[in-house]
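Participant: for reference, the sequence and a predicted model appear below.
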Number of protein chains: 2
Amino acid sequence: MSDALQALKARLADVHHLSMAGAVLDWDQQTYMPAGGVSARADQKATLSKLSHQLFTDDKTGTLLAQAEADLKGLPEDHNDAALLRMARRDYDKATRLPEALVEEISRVTSHAQEEWAKARAANDYGAFAPWLERIVDLERRTAEALGYEERLYDALLDQYEPGMTSRRLDEIFGELKRQTVPLVQAIAENADAVDASVLQRDYDEEKQRHFAESVLRDCGFDFSRGRQDRSVHPFCTHFSQNDVRLTTRYDRNFVSMALFGSLHEMGHGLYEQGVSPELEGTLLSNGASLALHESQSRLWENLVGRSRRFWNHYYPRFQETFGATVSDVPVEAFYRAMNKSGPSLIRVEADEVTYNLHIILRYEMENELLEGRLSVADAPDAWNAKMQELLGLTPPDNREGILQDVHWSIGIMGYFPTYSLGNVLSVQLFNKAVEDVPSILEEIEQGQFSSLLHWLRANVHRHGRKYLPEELIRRATGSPLTVQPYADYLRSKFGELYGA
Amino acid sequence: MSDALQALKARLADVHHLSMAGAVLDWDQQTYMPAGGVSARADQKATLSKLSHQLFTDDKTGTLLAQAEADLKGLPEDHNDAALLRMARRDYDKATRLPEALVEEISRVTSHAQEEWAKARAANDYGAFAPWLERIVDLERRTAEALGYEERLYDALLDQYEPGMTSRRLDEIFGELKRQTVPLVQAIAENADAVDASVLQRDYDEEKQRHFAESVLRDCGFDFSRGRQDRSVHPFCTHFSQNDVRLTTRYDRNFVSMALFGSLHEMGHGLYEQGVSPELEGTLLSNGASLALHESQSRLWENLVGRSRRFWNHYYPRFQETFGATVSDVPVEAFYRAMNKSGPSLIRVEADEVTYNLHIILRYEMENELLEGRLSVADAPDAWNAKMQELLGLTPPDNREGILQDVHWSIGIMGYFPTYSLGNVLSVQLFNKAVEDVPSILEEIEQGQFSSLLHWLRANVHRHGRKYLPEELIRRATGSPLTVQPYADYLRSKFGELYGA
């Protein structure tokens, strides 16, 4: 091995371990940390990020990287070391392009802005948040300028979360999604009573919910010797290595979907991390390829598997046995319909499979307009409400249920929302290809068996970690670029049947 | 503030946060980490220690320290900054005196030695461990030479765990302890049947044990908004700040003492950390003053409070209510006697209040003899057994229950054992002084009230953190140096009554 490569790997390993240590501190904070621990924990995390950033952006890293690139010239593109250098170069250029003063300003402004946003939302007072949003839009613009882009400001921001994706591509993808989804949403709304979801809101014992969900996770292939599930206020998945993947969930005694589909969702993320090739462990390639790829895995298990009729044909008897009288009067078909109820709503995080992407498109359009100065912060609430009416046929009664609902802008992550929808689109494209390659997957789901599906995902997606850019990974896995049609077909077929639409 | 002091403080804060982050990783490893996480966790902890050590021992730290010392010359000795510089100087000199090659060799040898020790103990094969012990004794000698000492090799090692203590002082203290304890042990052994401890081994529901112990911890003043208790295989107390103190315990359904007195013991450590002055938080003074001082707190709550008649006069009704039929036939006096059963035994960690220190004296004598070459590794088992006979009147049937019982030597910590006994001795000296100052403490214990005792400990011990060397702290708290007599009197009075000895 080249000396420079060896030294670079050792240095990147330290950076990686610092970041994993930070993840442990985060996990603890959200699961078990007593209230008193907050202040010291913030200091500890700040030290870890600072040292990790310093070590990574140090000139020495740049010198080693350049030397290793020279030493390894001509290595086949899909050699792990070539991939490592490609991604290290990407990350290094991004990290060193942002001036330290800007990074500090972002950190200072967003930590205030998040507090102000929380207060403004509680008080339904957009005016109190507006000056902060103004500053954040300005910071995002300066970030985009510093990072650099070819066509539009948005591309620089987007690339941080979805490497290689551009707003030109997103315009096509979201245009197509909108064209296909809006009429479906309208058709469903006209037949809203076709599905009754009230069974989900009966009384479900929490301990039984936990037990049922964990048994499903085990069946799906989540390895509890290399991971665990705990409780937290906001569910998430994190990992400290591919052999230590932590899921969290929350329970609502009167809404069984929360823990049930929430667990399957986080497990999708977790299976991805557990499935990365051991060769990549401990490097910056040991990670999902992008946020959209990650979301494709969580959505695949949550929706394509977990909200399917096949899945419940197998699990509903166990579910009925677990919850006894609570659901003994409900046939499997009614339960299946309930969990798939769809309809326009105001809050993104509560949206269903059909309407969810319209919430994202709204945000994508607004972020672009704000960044490019085509929309002012003052006019933003009206623009939000007009778009809600256009896309979902609803107008929020106040800004709390409108423009103030999401934390994202207050913490300075514009360009992030689209990854949710890309994940939805990809989940179907990948699932369809898996079934095309291994048709028995569908029958296996009906038997509560998931090994063929998991095996396909491991072989075609998980094991590569972050070795390829999303576009390349999707092409390798499915033979084609990201495409909306499978997702649109899936929605029309599933919800057309449910709603006679 | 002097610029150098300010820069030094910032640097030491980073070192501190790295070390606290390492403590979080340790805690997680021992409580919740899935088995698969071991290998990556070792790498993460190694990176944190390496970076923390590098940052602390860097020449820049030395320069800032020297400059700050010059800037602050003449500051009163008990000013926090003066104390910070004193302790930073102590730590810095120690950390920079050990050659890196030696530190690495110790780490390499002990990680093997610990494994070999575990195997040797399981196989009762001292011969397999002997070559490792040989290497460790040699490494300990070289460590002592590198650290430096005035009179004896042992002093250099001891000072790492008990700053300022010397073997000259220990010879006096342990000589006195031995003189006063050995006859008491013999007298108790002659009347062994006076106490029946079988009630402790009845069937105690684990969840009830947890609930009872936690309620006691709350009464004693452990602040659960600034700490928590979890399960682990080996109980411990750690902290990530004075506002985040973690206790662990373990439960044995058929031995109620384990969780009950184990929880009180760890809580004693925890109360110490929770009680450090907020002014010292985040610095290297936010810590107990020494291992002996720490152990004095755990022993005080475990033994002076928890194994006292007064305590159980209050808690036994609640205990009986909790465990129902398990103890309904047992009067409080019988329960009190059971928890205080004493008698010579082979295993240190199972020893009682009277015999415990004799196990320590044995180890102290042997460590000295091995270090100074007066005893060979080959002859050590015989020496061990002869000392057991001399001190406790027992001979181990094999080395597993003799010289192979403790992990300490295999991990390279010679000079550590004495702190346990110093803690025992100090626990009584401090408790007596508290009662002398605030006589109502005794009646309060009988009411399940501990605030006067905790207040005294906070004011005289806890709040100072690591600001003073143990000797100075003890003098400030009690008006005299560490002294054996109160402990000897306590044992003779308590166990003399129990055993008519």
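Facilitator: Cool, got the structure.
Participant: please tell me how far the residue in the stretch 251-400 of chain A that chain B sits nearest to sits from residue A:56.
Facilitator: Among all residues of the stretch 251-400 of chain A, residue A:282 sits closest to chain B, at 6.6 Å; criterion: CB to the nearest CB. To be clear about C-beta, it is placed using only N, CA and C from the backbone, and glycine gets the same treatment. Distance, residue A:282 to residue A:56, by CB to CB, to the nearest Å: 15 Å.
Participant: for residue A:397, same thing?
Facilitator: 47 Å.
Participant: cool, and residue A:346?
Facilitator: Residue A:346 is 41 Å from residue A:56, by CB to CB.
Participant: show the subsequent helix or strand relative to the helix or strand where residue A:137 lies.
Facilitator: Using DSSP states H and E, residue A:137 sits within helix A:126-147. Downstream of helix A:126-147, the first helix or strand assigned by DSSP H and E is helix A:153-161.
Participant: counting contacts, what elements does that next one pack onto?
Facilitator: Helices and strands touching helix A:153-161, by 3 or more CB pairs under 8 Å, 6 or more residues apart in numbering or on different chains; DSSP states H and E, are helix A:126-147, helix A:167-190, helix A:356-371.
Participant: redo those as JSON lines? Include mean neighbour count, distance to chain B and mean pLDDT.
Facilitator: As requested, the helices and strands packed on helix A:153-161 are exported to JSON lines (neighbours: other CB atoms under 10 Å in any protein chain shown; distance: least, CB to the nearest CB, whole Å; pLDDT from 0 to 100):
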{"stretch": "helix A:126-147", "mean neighbour count": "18", "distance to chain B": "26", "mean pLDDT": "97"}
{"stretch": "helix A:167-190", "mean neighbour count": "17", "distance to chain B": "36", "mean pLDDT": "96"}
{"stretch": "helix A:356-371", "mean neighbour count": "22", "distance to chain B": "32", "mean pLDDT": "98"}
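Participant: redo the ones you listed as CSV? Include distance to residue B:376.
Facilitator: As requested, the helices and strands packed on helix A:153-161 are exported to CSV (distance: least, CB to CB, whole Å):
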stretch, distance to residue B:376
helix A:126-147, 68
helix A:167-190, 76
helix A:356-371, 75
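Participant: what is the burial count for the residue lying closest to residue A:221 once chain neighbours are set aside?
Facilitator: In space, and not counting its chain neighbours, residue A:221 is closest to residue A:454: 4.5 Å by CB to CB, 6 or more residues apart in numbering or on different chains. Using other CB atoms under 10 Å in any protein chain shown, residue A:454 is surrounded by 20 other residues.
Participant: residue A:454: helix or strand, and which one exactly?
Facilitator: Taking DSSP H and E as the definition, one finds residue A:454 inside helix A:451-460.
Participant: what residues of that helix count as buried?
Facilitator: A:452, A:453, A:454, A:455, A:456, A:457, A:458, A:460 (16 or more other CB atoms under 10 Å in any protein chain shown).
Participant: for the first one, what are its contacts?
Facilitator: Contact analysis of residue A:452 by CB atoms under 8 Å, 6 or more residues apart in numbering or on different chains lists A:438, A:440, A:441, A:444.
Participant: residue contacts, the third one?
Facilitator: Read that as residue A:441. Per CB under 8 Å, 6+ apart, neighbours of residue A:441: A:434, A:435, A:452, A:453, A:456.
Participant: got the angle for the helix of greatest length in chain A vs helix B:3-31?
Facilitator: For chain A, the longest helix by residue count, based on DSSP state H, is helix A:3-31. Following axes from the mean of the first three to the mean of the last three CA atoms, to 10 degrees, one obtains 70 degrees for the angle between helix A:3-31 and helix B:3-31.
Participant: and helix A:3-31, what's buried?
Facilitator: A:4-5, A:7-9, A:11-31.
Participant: now that helix: average pLDDT?
Facilitator: In this model, helix A:3-31 has a mean pLDDT of 97.
Participant: list the contacts of whichever helix or strand comes after it.
Facilitator: Following helix A:3-31 in sequence order, the next helix or strand is helix A:38-57 (DSSP H and E). For helix A:38-57, the surrounding residues in contact (CB under 8 Å, 6+ apart) are A:11-12, A:14-15, A:18-19, A:21-22, A:25-26, A:28-29, A:33, A:61, A:91-92, A:95-96, B:13-14, B:17-18, B:20-21, B:24, B:51, B:240-241, B:243-244, B:281-282.
Participant: local confidence estimate at the residue lying closest to residue A:132 once chain neighbours are set aside?
Facilitator: Of all residues not flanking residue A:132 in the chain, residue A:113 sits nearest, at 4.1 Å (CB to CB, 6+ apart). What the model reports for residue A:113 is a pLDDT of 94.
Participant: what's the burial count for residue A:113?
Facilitator: 23.
Participant: what is the stretch of helix or strand it belongs to packed up against?
Facilitator: Per DSSP H and E: residue A:113 is located in helix A:100-123. Judged by 3+ CB pairs under 8 Å, 6+ apart, helix A:100-123 is in contact with helix A:126-147.
Participant: ok, residues contacting the helix it packs on?
Facilitator: Counting by CB under 8 Å, 6+ apart, A:94, A:97-99, A:102, A:105-106, A:109-110, A:112-113, A:116-117, A:119-121, A:153-157, A:159-160, A:370-371, A:377-378, A:380-381, A:399, A:403-404, A:409-410, A:412, A:414-415 sit against helix A:126-147.
Participant: check the offset of the longest helix of chain A from the chain's centre.
Facilitator: For helix A:3-31, the gap between its own C-alpha mean and the chain's C-alpha mean amounts to 22 Å (CA atoms, centre = their mean, to the nearest Å).
Participant: and if you look at stretch A:328-338?
Facilitator: For stretch A:328-338, the distance to the chain centre is 29 Å (CA atoms, centre = their mean).
Participant: so what touches it?
Facilitator: Here stretch A:328-338 has contacts from A:195-200, A:307, A:309, A:312-313, A:316, A:319-320, A:327, A:498, using CB under 8 Å, 6+ apart.
Participant: alright, I will stop here.
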